[in-house]
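Peer 1: coordinates only, sequence not included:
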């Protein structure tokens, strides 16, 4: 699909990390409308529009009818697994029902739909999951996002579902990634407990945005996994963060998943196999050292 100055793009969750970076990057090439809810904030060059996905179902179709997008990137979600366990109704309303309604509106409009999902649709028993592996969510969050995938693909068969993993980097002033949370703790001189036995393949937020653009240009449909090129535990990630940002590794406290109790269960190895995406687009995401160095170059911890 060619993206030009005439292309109209609707990005939900533009005040979040991915939505912020993606909508800002697209704004230089086409007309972008970004939605927000609790934080009235979008990048420069992006038209902001309030949209509460937990509210009146009719408002979603109204927004699509008003914006008349050629492309819809649905990045908005309730993403806190523990919050989802406490408020199941809102989790499914936002992550499933609103996604289905947006997909119906996209199909009616004839717009391309990209739905951002998660590696937490898997149970983490073995890792290196491909798109053909059977999802088995351990949490309300994972289940609600899986239902969102089904809602998107059923209502809009040409949709692209991009299952992403742990996002790091800097983007929206109103949204924190795992990296920004780590740096906040380290800058205060505090120590951080990090799992040694939970594995993901973290992805730089700019890489995730670029991968989505590449997938759109290639007219990809169906499910694709989008993750970083390296797998690591949160503790391993923390060590590279200390190396790149100049902190002492003594600030890292190694713990296992058994040491922590959360309302939502976490998969132990949710790493994603990204070979299908790489083959289809030619895009290869950064490794951890490269990605964190890129993140540091545009950000100061002082």
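Peer 2: Sure thing, it's come through. Small disclaimer: the values here were computed from a predicted structure and weren't measured.
Peer 1: Which parts of the protein are helices?
Peer 2: 17-26, 58-67, 81-86, 88-92, 98-109, 140-155, 178-187, 205-217, 234-245, 275-281, 288-297 (DSSP state H).
Peer 1: Tell me how far the shortest one lies from the chain's centre.
Peer 2: What that stands for is helix 88-92. Remark: helix 88-92 is offset 18 Å from the chain centroid, using CA atoms, centre = their mean, to the nearest Å.
Peer 1: next one: the last one
Peer 2: Taking the mean of its C-alpha atoms, helix 288-297 sits 18 Å from the chain's own mean (CA atoms, centre = their mean).
Peer 1: Need the contact partners of that helix.
Peer 2: With contacts defined as CB atoms under 8 Å, 6 or more residues apart in numbering, helix 288-297 is touched by 168-170, 179, 202-204, 206-207, 228, 230, 232, 237, 240-241, 243-245, 285-286. C-beta coordinates here come from the backbone N, C-alpha and C atoms, glycine included.
Peer 1: In contact with the nearest residue to residue 163 once chain neighbours are set aside, which residues are there?
Peer 2: Closest residue to residue 163 apart from its sequence neighbours, by CB to CB, 6 or more residues apart in numbering: residue 117 at 4.5 Å. Residue 117 sits next to 145, 146, 148, 149, 161, 162, 163, 164 when contact means CB under 8 Å, 6+ apart.
Peer 1: Let's see the pLDDT reported for residue 117.
Peer 2: As predicted, residue 117 sits at a pLDDT of 98.
Peer 1: Look up how far residue 260 lies from it.
Peer 2: Using CB to CB, to the nearest Å, residue 117 is found at 25 Å from residue 260.
Peer 1: Break this structure down into its domains, please.
Peer 2: The chain breaks down into these domains under automatic domain parsing: 8-168+203-229+272-286, 178-199+232-269+290-297.
Peer 1: Pretty sure residue 155 sits against residue 104.
Peer 2: Yes - judged on CB atoms under 8 Å, residue 155 makes contact with residue 104 at a distance of 4.6 Å.
Peer 1: Tell me where the model's unsure across the stretch 151-300 of the chain.
Peer 2: For the stretch 151-300 of the chain, the stretches flagged by pLDDT under 70 are 299-300.
Peer 1: Now with 50, please.
Peer 2: Within the stretch 151-300 of the chain, the ranges that satisfy pLDDT under 50 run 300.
Peer 1: How much space separates the residue nearest to residue 148 when sequence neighbours are not counted from residue 12?
Peer 2: Distances taken as CB to CB, 6+ apart place residue 99 nearest to residue 148, at 4.0 Å, with adjacent residues excluded. Residue 99 sits 9 Å away from residue 12, going by CB to CB.
Peer 1: And residue 126, by the same measure?
Peer 2: Remark: distance between residue 126 and residue 12 (CB to CB) = 32 Å.
Peer 1: One more: residue 199?
Peer 2: 29 Å.
Peer 1: of these two, who's got more company?
Peer 2: Ranked by neighbour count (other CB atoms under 10 Å), residue 199 and residue 12 place residue 12 first, with 28 against 19.
Peer 1: Show the contacting residues for that one.
Peer 2: With CB under 8 Å, 6+ apart, residue 12 has these contacts: 19, 34, 35, 51, 53, 72, 73, 74, 75, 76, 102.
Peer 1: what about the closest residue to the fourth one other than its chain neighbours, neighbour count?
Peer 2: Spelled out, it's residue 51. Spatially, and ignoring its direct neighbours in sequence, residue 51 is nearest to residue 35 (3.9 Å; CB to CB, 6+ apart). Residue 35: 26 surrounding residues under other CB under 10 Å.
Peer 1: Give the bridge partners for residue 35, please.
Peer 2: On the basis of DSSP bridges, residue 35 is bridged to residue 49.
Peer 1: and it, what pLDDT?
Peer 2: At residue 35, pLDDT is 95.
Peer 1: could you measure it against residue 187, distance?
Peer 2: Distance from residue 35 to residue 187, by CB to CB: 32 Å.
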